[in-house]
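Novice: Below are the sequence and a predicted model for it; my questions follow.
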Amino acid sequence: MEIKEFIEKFAEMLEIEDVDSLTPETEFRDLDEWSSISVMEFIALADDEFGKQVGDVHIKPCQTIQDLYNLVKA
Amino acid sequence: MAVMKFNGIGITAMAGAVPKHVIENLKYTEHFPPEMVKEVVEKVGIYERRFADENTCSSDLCFAAAQKLIIDNNIDRDEIDLLVFISQTADYRMPATSITLQHRLGLKNSCIAFDVNLGCSAFLYGMSVVYSMMQTGAIRKALILDGETRSKVYGPRDRRSAFIFGDAGVAALVERNEKFGDAYLSLNSDGSRADLIMIKAGGYRHMSTPETLKERVIDEYGNMRSDEQGYMKGGDVFNFVIREIPRDIKNTLAASNLTADQMDYIVFHQANNFINSYIAKKMKLDVDKIPHTIEKYGNTSSVSVPLTIVSELKGKLDGKKTLLMSAFGVGMTWASGVVPFVDTKISDIVEVENGLPCDESLRRDYTPIEGASEESSTKPQKED
């Protein structure tokens, strides 16, 4: 999966309609839609779409959407 | 370890009790803005919970449930040879709450009574202990009493746990009968994850001090709690659950030579709706077979599996039904079961207020636990 497709999935997860407002450099914690629940939704996305198991411990150091992509792509 | 197999033992009757006080989660907005509350509540799927008042303990909820079970089914108290009380919210640091319940319920002194302290998967652990002891043939009837008052454990200013937990108690009567056939239980533990869900202070490693009681800000979101209150690393718990639970369910089903399609009902620990829906989807389970109570009782820890059976399967356990049970949580521990239920009698859920069953016919006089003299007044009482 390329990062463009990842961003689309990420936007869908957070119910962000304007996908173009997101870039790999976007700091996801600054998004209004990002909440403590989003962490669980992202863990589900990583498992479902990438077969990758991640937890708080892996997400904590991430800042940007690119960081999250690198995490599931690794 | 191999999955444990038991034969000719089963749960013949169940009853449940909840506090009378209902918390409407969408209105639980004292510490957080309503929009944020709405978002969390809808994601976790918890709309109502029950909170025990200051005079109601897990033991009071279990007492009410046990009284309902004993009276509805006309059980002879002298035939109860074993009482196991499951909880992490006991009345006292000592003695064990099961012993005080032996007295309150008017059970004989030769009744075996002890506590199991474990957490969310504990009902299946309790079953394994009781079924094992029943297998000796020496025990006629056993009571599993499972109660939790998690509302007293988690603080209202930590949004990661403030909207999740509720209180309840359940009583289950276990008896021997060939009609049950085989039951399978798988139990697991991983202490390397002990810090994922924890109440750090108040035990003997970090004893209570004025410092441990102070609420302080604990993260970048401004959540607050004291070290005497529980915390949960939700993401790591979820990650653990999606890896371990499907695997353990598959192993347990394989041991029983049955498939998920052959189960009549699938009862999960009611963690939150997001986790439960995800596991069901991931394992491609038939959601029509998965009863749930998360929306009205929240996460009641170890009580959630039996409470969901009492609440949702009343009138549906006629004849032989096979249930898949799965529970997971603090420890971490996790457990799965393929368990036959045959004509299990289920009572209506009763309410408790001020430590007493609201239905006065369920109350019972007993010499108070505290203040009893060292001499004669602590002797168990017989029924009137």
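Specialist: That came through, no problem. Numbers count the residues shown, from 1 in each chain, chains lettered A, B, ... in the order given.
Novice: which residues does B:Ala65 contact?
Specialist: Residues near B:Ala65 by Cβ atoms under 8 Å, 6 or more residues apart in numbering or on different chains: B:15-17, B:145, B:147, B:169-171, B:350. Every C-beta, even on glycine, is put in place using the N, C-alpha and C of the backbone.
Novice: same deal with B:His269?
Specialist: Contacts of B:His269 by Cβ under 8 Å, 6+ apart are B:120-121, B:299, B:304-305, B:326-329.
Novice: Next to chain B, which bits of chain A? Give me the list.
Specialist: A:35-37, A:39-41, A:43-44, A:47-48, A:53-57, A:59 (Cβ under 8 Å from any Cβ of the partner chain).
Novice: Please report which of those has the highest neighbour count.
Specialist: Within the residues of chain A next to chain B, neighbour counts (other Cβ atoms under 10 Å in any protein chain shown) peak at A:Ile43, which reaches 26 neighbours.
Novice: Next, it: secondary structure please.
Specialist: Following DSSP: H, G, I helix; E, B strand; the rest coil, A:Ile43 is assigned to helix.
Novice: Quick check: the farthest pair among the contacts of B:His269?
Specialist: B:Asn299 and B:Ser326 (14.4 Å; Cβ to Cβ).
Novice: Let me know the pLDDT of residue 73.
Specialist: With no chain named, the answer covers chain A. Listed pLDDT for A:Lys73 reads 87.
Novice: that's the wrong chain, I meant chain B
Specialist: On the pLDDT scale, B:Asn73 gets 98.
Novice: now the closest residue to A:Phe50 other than its chain neighbours: how far from A:Glu49?
Specialist: Nearest residue to A:Phe50 in three dimensions, chain neighbours excluded: A:Val72, at 4.2 Å (Cβ to Cβ, 6 or more residues apart in numbering or on different chains). For A:Val72, the distance to A:Glu49 (Cβ to Cβ, to the nearest Å) stands at 8 Å.
Novice: Among these two, which residue is more densely surrounded?
Specialist: A:Val72 (20 against 14).
Novice: Let me know the distance separating that one from chain B.
Specialist: 13 Å (Cβ to the nearest Cβ, to the nearest Å).
Novice: Just the buried residues of the helix or strand containing that residue, please?
Specialist: Assigned by DSSP states H and E, A:Val72 belongs to helix A:65-73. Going by neighbour count (16 or more other Cβ atoms under 10 Å in any protein chain shown), the buried part of helix A:65-73 is A:65-66, A:68-69, A:71-72.
Novice: What score does B:His31 have for pLDDT?
Specialist: For B:His31, the predicted pLDDT is 89.
Novice: Pretty sure it sits against B:Gly155.
Specialist: No - counting by Cβ atoms under 8 Å, B:His31 sits too far from B:Gly155 to count as a contact (9.2 Å).
Novice: Please identify every residue contacting each of those two.
Specialist: B:Ala162.
Novice: Which one of the two is surrounded by more residues?
Specialist: Neighbours were counted for B:His31 and for B:Gly155 using other Cβ under 10 Å; B:Gly155 has more, 18 against 14.
Novice: Mind checking what secondary structure that one has?
Specialist: Here B:Gly155 is coil, with the state taken from three-state DSSP.
Novice: Quick one: neighbours of B:Met207, just the number.
Specialist: 9.
Novice: so it is in which element?
Specialist: Per DSSP H and E: B:Met207 is located in neither a helix nor a strand.
Novice: ok, the closest residue in space to it that isn't next to it in sequence - contacts?
Specialist: For B:Met207, ignoring the flanking residues on the chain, the nearest one in space by Cβ to Cβ, 6+ apart is B:Ala201 at 7.4 Å. The neighbourhood of B:Ala201, defined by Cβ under 8 Å, 6+ apart, consists of B:207-209, B:212, B:226-228.
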